[in-house]
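Q: Fold the following and give me the result.
(2 chains)
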2 protein chains.
Amino acid sequence: MKFCSECGSRVDRRVPPGDHLPRFVCDACGTIHYQNPRLVVGCVPEHEGRILHCRRAIEPGRGFWTVPAGFMENGETLQQAAARESMEEALAEVEIGSLLSVVHVTGAHQVHVFFRARLHIPQFGAGPESLEVKLVTPEEIPWKEIAFRSTVFTLERYLQDRAESLERYHFTEIDPRSAPP
Amino acid sequence: MKFCSECGSRVDRRVPPGDHLPRFVCDACGTIHYQNPRLVVGCVPEHEGRILHCRRAIEPGRGFWTVPAGFMENGETLQQAAARESMEEALAEVEIGSLLSVVHVTGAHQVHVFFRARLHIPQFGAGPESLEVKLVTPEEIPWKEIAFRSTVFTLERYLQDRAESLERYHFTEIDPRSAPP
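A: Predicted coordinates for the structure are as follows:
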């Protein structure tokens, strides 16, 4: 941020009075611009034991695999965001289930949230942000070609819980600077 | 948003090519400014059956009661944010426990997340954003003077779960335009 989004003047980065963190401050109009973590929301859609995977057509991670996920929009719930991303990226209508994982990607100022999901009808395809979409068995998961560590964490916990017939939720923190690819 | 935070030019609000929602677009430098929901994080600190409440010294809801909560900062986890807010608003060191509630305040573009928490030592006080801080029994909760509906929802679920010796998590969506006060 270089300019004030309210008045167009140059902003300064400093700790405002009574605050404890540096903020972008506009001396012309007095606005303090707070910056907060963004929510990335996704799901693990399952159909008869197989999991829906998308190969990314866009950066970051172009050519690598993920489950459907993306930035949450204003005006929607986490579950609506997860369902929307499945439709956009995999042209798949899913039923969102229980909370699966919350991954703090602190260095990227993101919180990733994943849900379990059901793909009732095996109908899907590559949306504009995907090169390819397919259902894979747990043994077929392309672990070395997964785009994001939050997806790896989520899939690992998903399979572990499924093996124990449990639906737990899992928190973790990862550093995106060491993320594949 | 009226001006581009990258170059200071006037922005235009429209649906960019390939997108489906209106965004603030800068025609001078090409930046598309995405706006996403913000996370508000808090906890329900308990000490020997009583719950820590803060009376707000700031708007919105000045003079009304809440549990410690506030906007999540970049670089922290949800649990760290909840603990920090307890220290800032109630000068209380808490141990964050299980996930309690997720409240979609869609109209305000916010997601509120609350955790259970333990106040091991009954040591607390009013931080700069609080007029008063106290421990109250469930019977003493000032239901009609709670500042936010997400707090009411969270406290209700907290007490209900506690009565059943369960630690569930609860999702809901509320419309802030009908919120007290």
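Q: element containing the residue nearest the centre of chain A?
A: Nearest to the mean C-alpha position of chain A, counting by CA atoms, centre = their mean, stands A:Val40 at 3.2 Å. In the assignment (DSSP states H and E), A:Val40 maps to strand A:38-47.
Q: pLDDT below threshold where in chain A?
A: Flagging of chain A using pLDDT under 70 yields the residue ranges A:176-181.
Q: what about the helices in it?
A: Ranges of helices within chain A are A:78-90, A:149-163, based on DSSP state H.
Q: now the closest residue in space to A:Asp161 that isn't next to it in sequence: how far from B:Thr66?
A: Spatial nearest neighbour of A:Asp161, excluding adjacent residues (CB to CB, 6 or more residues apart in numbering or on different chains): A:Arg168 at 5.5 Å. All C-beta atoms are positioned from the backbone trio N, CA, C, and that covers glycine. Counting by CB to CB, to the nearest Å, the separation of A:Arg168 from B:Thr66 is 29 Å.
Q: Comparing these two, which residue is more hemmed in?
A: Between A:Arg168 and B:Thr66, B:Thr66 has the larger neighbour count (other CB atoms under 10 Å in any protein chain shown), namely 24 against 12.
Q: Return the residues in contact with that one.
A: B:Gly42, B:His53, B:Cys54, B:Arg56, B:Ile146, B:Ala147, B:Phe148, B:Thr151 (CB atoms under 8 Å, 6 or more residues apart in numbering or on different chains).
Q: go again using 6 Å as the cut-off
A: By CB atoms under 6 Å, 6 or more residues apart in numbering or on different chains, the contact set of B:Thr66 is B:Cys54, B:Ala147, B:Thr151.
Q: Please identify the residues of chain A in proximity to chain B?
A: A:1-3, A:5, A:8, A:35-38, A:71-72, A:74-75, A:77, A:104, A:106, A:109, A:173 (CB under 6 Å from any CB of the partner chain).
Q: Which of the residues you listed are buried, as a ChimeraX select command?
A: Of the residues of chain A next to chain B, the buried ones can be selected in ChimeraX as follows, counting by 16 or more other CB atoms under 10 Å in any protein chain shown:
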select /A:3,5,8,36,37,38,72,77,104,106,109,173
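Q: So which of the residues of chain A next to chain B belong to strands?
A: Those of those mapping onto strands are A:Arg38, A:Phe71, A:His104, A:Glu173, per DSSP state E.
Q: Check these and tell me the two furthest apart.
A: A:Phe71 and A:Glu173 (19.4 Å; CB to CB).
Q: if we can go back for a sec, also within reach of chain A: list those from the contacts of B:Thr66.
A: On the criterion CB under 6 Å from any CB, none of the entries of the contacts of B:Thr66 sits beside chain A.
Q: can you tell me which of the residues you listed lies nearest to B:Gly18?
A: Using CB to CB, B:Thr151 comes nearest to B:Gly18 of these, at 40.0 Å.
Q: What separation is there between the closest one and B:His112?
A: B:Thr151 is 8 Å from B:His112, by CB to CB.
Q: try A:Cys43
A: From A:Cys43 over to B:His112 the distance is 21 Å, taken as CB to CB.
Q: In this structure A:Leu78 contacts A:Val40, no?
A: No: at 10.5 Å, A:Leu78 does not count as touching A:Val40 under the criterion of CB atoms under 6 Å.
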